[in-house]
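Novice: starting from these lines, generate the structure:
(chains A and B)
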Amino acid sequence: MPGLLRASQIGPAFAEILEKGRLRFAISLDNRPYGFRNASGDPEGIDVAIARLIARGLQVEPVMSEVPTARRLDVLLAGEVHVAINISITAGRARRVLFTTPYIQGDVGLGAPASLALRRPADMAGLRFAANAASESEVLAQSFLPAGAHLISYPTPDQACEALLRGEVEGIVAPRATVRDLIARHPDAQIEYKFTFAMRWRSAAVNFGEHDLLRTLNTVFFQAREEGLLTAIHEHFTGQPSGPLPAF
Amino acid sequence: MRLSRRGMAAGGISLFAARQGLAQRPAGLLQRLLDAGEVRIGVWLGAAAPWGYQDDRGELDGSEIALAYRLASDLGLRPILVPLDFVDRMPALSEGRVDVLSATTAILPVRLRQVAFARPHGTFRVVVVTRGGRQYGSLDALAGLRVAVLAGGVTGESIFRELPAAVRLVPVLNFDEAFALLERQEVDGVAVPDFVHRRRSIARPELGLENALPVADFAYALAVRHGEHDLLRAINTCIFLWEQEGFLAEIHETFMQAPRPNLERL
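Specialist: Below is the predicted model:
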């Protein structure tokens, strides 16, 4: 019987989670509304809520390792955490990690002052735009920006937003939720969400070989979707209900 | 809740070293393919369009060929397409002669023990086609007649399940042979996928292949060997993205000349 229950049958991360009762997440707190510190200094946001949801589902203690957004996959690959939260699903990343089913839609688009008539990428020529360095937003901006448009990369999503508020750039290429959060917090800036570059889905990621952990996370997301928890989290932090979530 | 703020200072580096064991993972086929930089994809060219064929210049084309190239590209690998005989698809995968099948591999119960299927990306309907002038109102009306079926294919299995026992099945190696038998009146009907029937009707209108009795519907998918979970998940992630960005719909409309149906998640 012990042979049937050998820990080697499951991935090392999942075995450690079950053994120690703690699940380590890579999470960013410089990325409103996904992750930030509230007025009390406590972590909050969509990603934090998702991490708590997962930990509650597995009945383990969540341990959140704060890392810059650009380094979340690196610390996962290095084995410093068990799960990376809020990773945009791309084929390139599918060569490095295993993706869960998406838990939120994260379209990437353009935010800019209402005074600027920007209706399509071609209108962006001659202007400056901010994006978070080494992010999917930066990759999309590089591919969509026309000649003559200037892309300035900032270390964190929040710093990219601040650059727009300071007038260092004319717009920001970021997830729709990020732009909407900026609009809600700074109504005087009269920023608008102009248009979408590409539809993107965000999920959690685990390392190769962690298929039991992956399946468990997908089960948690399935239940949360059925119970309306995912859309409740989305609505709480963005003020808008989420659309239907695909699964795979 | 615990929260640790971690940079890459000395503490972070020591933690990294301590976690090396956690990060070490057995190298599955996906990792070996990434290391080698190439992937061998088994394809089937006997489908007589639209799934896999050689065009007039001898180039491989078809929906499954396009999918094979896209998969290799998304995985960052050089594609090596390996044409396979119809009955050799599953053996080629099981024996390691190919890494992935992109060969109109229908999801059948009998194959679940042989290979691991990815999310289905297409469907087809098997129909029994007869020649003009002979009208049959139902499958039962085929009792006592000869129907050509592809040996080892879904057409054969579905025929066994759906057709009256009195139908005489004539196994053939490919659809060309089936239609040749029908043309020579050595069989009364052929069991083929609807897309094959449609294209053959257009290419050979003089055969009068207007009669088609539906038999059963099948979904098909890419396939890998059992146990290759990383590779399977990477493929399913690609298929998910292809669905979302409309690539699968584009492929379907290009080669099947019809809108892609919604498929249930596997």
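Novice: pick out the residue nearest the middle of chain A.
Specialist: By CA atoms, centre = their mean, the mean C-alpha position of chain A lies nearest to A:Asn86, the distance being 2.9 Å.
Novice: in space, what's closest to that residue - neighbours in sequence excluded?
Specialist: A:Asp47 (4.7 Å; CB to CB, 6 or more residues apart in numbering or on different chains). No exception for glycine: its C-beta is placed from N, CA and C like everyone else's.
Novice: hang on, that neighbour in a helix?
Specialist: Yes. Assignment of A:Asp47 by DSSP: H, G, I helix; E, B strand; the rest coil places it within a helix.
Novice: that one: neighbouring residues, count only.
Specialist: A count of nearby residues for A:Asp47, using other CB atoms under 10 Å in any protein chain shown, gives 31.
Novice: so it touches A:Arg32, yeah?
Specialist: No. The pair A:Asp47 and A:Arg32 does not pass the contact test of CB atoms under 8 Å, sitting 10.5 Å apart.
Novice: mind listing the shared neighbours of these two?
Specialist: Counting by CB atoms under 8 Å, 6 or more residues apart in numbering or on different chains, no residue touches both A:Asp47 and A:Arg32.
Novice: residue of chain A closest to chain B, please.
Specialist: A:Gly79 (2.9 Å; CB to the nearest CB).
Novice: and the pLDDT for that residue?
Specialist: According to the prediction, A:Gly79 has pLDDT 95.
Novice: tell me the secondary structure at it.
Specialist: Per three-state DSSP, A:Gly79 ends up coil.
Novice: can you give me the helices in chain A?
Specialist: A:12-20, A:46-58, A:72-77, A:91-94, A:136-144, A:157-166, A:176-185, A:211-226, A:229-238 (DSSP state H).
Novice: for B:Glu38, which of the ones you listed is the nearest?
Specialist: helix A:91-94 (16.8 Å; CB to CB).
Novice: so is that closest one next to chain B?
Specialist: Yes. Using CB under 8 Å from any CB of the partner chain, we find that helix A:91-94 touches chain B at A:Ala91, A:Gly92, A:Ala94.
Novice: related to what we said a few turns ago, can you check which of the helices of chain A gets nearest to B:Ala219?
Specialist: Within the helices of chain A, the stretch nearest B:Ala219 is helix A:211-226; the backing value is 21.1 Å (CB to CB).
Novice: does chain B sit close to that closest one?
Specialist: Yes. Using CB under 8 Å from any CB, helix A:211-226 reaches chain B at A:His211, A:Leu214.
Novice: check contacts around the residue in the stretch 51-200 of chain B positioned nearest to chain A.
Specialist: When distances are taken as CB to the nearest CB, the stretch 51-200 of chain B reaches nearest to chain A at B:Asp74, 3.7 Å away. For B:Asp74, the contacting residues are A:Ala91, A:Gly92, A:Ala94, B:Cys238, B:Leu241, by CB under 8 Å, 6+ apart.
Novice: so how far is A:Ala141 from it?
Specialist: 21 Å (CB to CB, to the nearest Å).
Novice: now do the closest residue to B:Phe218 other than its chain neighbours, the pLDDT please.
Specialist: Nearest non-adjacent residue to B:Phe218, counting by CB to CB, 6+ apart: B:Ala106, 4.3 Å away. We have a pLDDT of 90 for B:Ala106.
Novice: bridge partners for B:Ala106, pull those for me.
Specialist: B:Ala106 has the following beta-bridge partners by DSSP bridges: B:Tyr220.
Novice: quick one on the thing from earlier: any idea how far the residue nearest to A:Asn86 is from B:Cys238?
Specialist: 25 Å.
Novice: now do B:Pro120
Specialist: Distance check for B:Pro120 against B:Cys238: by CB to CB, it reads 14 Å.
Novice: low-confidence ranges, the stretch 101-250 of chain B, go.
Specialist: B:133-134, B:153-161 (pLDDT under 70).
Novice: what residues does it have near chain A?
Specialist: B:119, B:229-230, B:233-234, B:236-241, B:243-245.
Novice: could you identify the most distant pair in those residues?
Specialist: B:His229 and B:Glu245 (24.6 Å).
Novice: settle it for me: which of the two has more neighbours?
Specialist: B:His229 (22 against 12).
Novice: just the helices in chain B please.
Specialist: So, for chain B - with DSSP H - the helices run B:10-18, B:20-23, B:29-36, B:63-74, B:89-94, B:154-162, B:175-183, B:194-203, B:229-245, B:247-256.
Novice: burial check on A:Ala184, number of neighbours?
Specialist: Neighbour count for A:Ala184, taken as other CB under 10 Å: 13.
Novice: so who does it touch?
Specialist: A:Gly239.
Novice: show me which of the residues of the stretch 101-250 of chain B next to chain A are buried.
Specialist: B:119, B:229-230, B:233-234, B:236-241, B:243-244 (16 or more other CB atoms under 10 Å in any protein chain shown).
Novice: contacts only, for the nearest residue to B:Leu248 once chain neighbours are set aside.
Specialist: Excluding the flanking residues, the one nearest B:Leu248 by CB to CB, 6+ apart is B:Trp242, at 4.8 Å. Shown in contact with B:Trp242 (CB under 8 Å, 6+ apart): B:Arg70, B:His121, B:Leu248.
Novice: quick check: which ranges of chain A have low pLDDT?
Specialist: A:1-8.
Novice: let's see 80
Specialist: A:1-9 (pLDDT under 80).
Novice: longest strand anywhere in it?
Specialist: Ranked by residue count, the top strand of chain A under DSSP state E comes out as strand A:191-198.
Novice: dump that one to CSV, restricted to CA.
Specialist: Extracted C-alpha coordinates of strand A:191-198, given in CSV (Å, rounded to 0.1, in the frame of the first residue of the first chain):
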residue,chain,number,x,y,z
ILE,A,191,-8.7,59.7,-19.0
GLU,A,192,-10.6,57.3,-21.3
TYR,A,193,-10.2,53.8,-22.3
LYS,A,194,-9.7,54.3,-26.1
PHE,A,195,-9.6,50.9,-27.7
THR,A,196,-8.4,47.3,-27.3
PHE,A,197,-5.2,46.0,-28.9
ALA,A,198,-5.8,42.4,-28.2
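Novice: that strand vs helix A:176-185, what angle?
Specialist: Angle of strand A:191-198 versus helix A:176-185, following axes from the mean of the first three to the mean of the last three CA atoms, to 10 degrees, is 180 degrees.
Novice: and the spatially most central residue of chain B, how far from B:Phe195?
Specialist: With distances taken as CA atoms, centre = their mean, the residue of chain B nearest its centroid is B:Thr104 (2.1 Å). Using CB to CB, B:Thr104 is found at 10 Å from B:Phe195.
Novice: so what's A:Ser115 up against?
Specialist: A:Gln190.
Novice: backbone dihedrals for it, please?
Specialist: Here is the backbone geometry of A:Ser115 (degrees, to the nearest 10): phi -70, psi -20.
Novice: close to chain B: what parts of chain A are there?
Specialist: Residues of chain A lying near chain B (CB under 8 Å from any CB): A:11-13, A:16, A:22, A:43, A:52, A:61-67, A:75, A:77-80, A:89-92, A:94-95, A:98-99, A:199, A:201, A:207-209, A:211, A:214, A:246-248.
Novice: on that earlier part again, burial count for the residue nearest to B:Phe218?
Specialist: Neighbours of B:Ala106 (other CB under 10 Å): 23.
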